[in-house]
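S.K.: What follows is a predicted structure for the sequence shown.
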Amino acid sequence: MARRGIITIDGPAGAGKSTVGRLLAQSLGYIYLDSGALYRAVAWQANRVGLDLDDPVALPAWLQEFQPRVTSDAQGFHLAIDGREVDQELRSPQVSRDASRVATLPPVRRWVAEHLRHLAREGGVVAEGRDMGTVVFPEAEVKIYLDASLAVRAARRDKEWQNKADSLPTPEAVMAELASRDRQDRTRAEAPLRLHPEALCLDTTDLKPEEVVQQCLARIRAALSPGQIVEYNQ
């Protein structure tokens, strides 16, 4: 049987990467990899243990010892830390904000990349993030880049965060935070967010997730051999 492929999905926050990534993984019978969850795990646990993220010696040493348990399949990407399932904790608005900071730190980016490459060593993965196709998996057979207008991305994030205790008070505040995150993602020194020249670029502003998935599947079918994909839920 042919080695199954690697599919990457990059793009800014709120573009639909997670939704589309999970749907694609379910459709193909692939494993879904969420790089953002690993950044959030680092941020959450570092805060719990009081780690100084600016310490150039302590941070790499701590990362070498930090080994969250990962369960990944077509249905989702789940993490446990110290034997405790932490998916809900990692999805809080505050942890997302903290993760945006740790994602600028080169030792953390390298730690995340190493974990993802290990999980993808046998192929058959859909990996989503900011630098999946450009840095982590440049050899990926299919690279996808999703984007959407800032207003639509902010509305999606505001809906996701509704009724959470540490959510932002207004949609305008969410939009301002996303704009700041965009600047940070695109200008950081290591692995900035950018469009790979080989990537299928889709604007999801006016598209339903299922419509995006169908366009992605068309590219995947064209790029991979029949032995590399087994489609479900057609």
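M.R.: Arrived safely. Numbering: from 1, shown residues only.

S.K.: residue boundaries of the helices in the protein?
M.R.: Secondary structure of the chain, counting by DSSP state H: helices at 17-28, 35-49, 58-65, 87-90, 93-102, 106-119, 150-161, 171-187, 209-223.

S.K.: Return the most buried member of the ones you listed.
M.R.: Neighbour counts averaged per stretch over the helices of the chain are highest for helix 17-28, at a mean of 23; criterion: mean count of other CB atoms under 10 Å. All C-beta atoms are positioned from the backbone trio N, CA, C, and that covers glycine.

S.K.: now for that one, which elements pack on it?
M.R.: When contacts are defined as 3 or more CB pairs under 8 Å, 6 or more residues apart in numbering; DSSP states H and E, helix 17-28 packs onto strand 6-10, strand 31-34, strand 125-129, strand 142-147, helix 209-223.

S.K.: Now find how far off-centre the second one is within its chain.
M.R.: Here the centre of mass of C-alpha atoms in strand 31-34, compared against the chain's by CA atoms, centre = their mean, to the nearest Å, lies 8 Å away.

S.K.: what is the mean pLDDT for that strand?
M.R.: Per-region confidence: strand 31-34 scores 96 on mean pLDDT.

S.K.: Which neighbouring elements make contact with it?
M.R.: Under the contact criterion of 3+ CB pairs under 8 Å, 6+ apart, strand 31-34 touches helix 17-28, strand 69-73, strand 76-81, helix 106-119, strand 125-129.

S.K.: Of all those, which one comes closest to residue 148?
M.R.: With distances scored as CB to CB, the stretch of the helices and strands packed on strand 31-34 nearest to residue 148 is helix 17-28 (10.4 Å).
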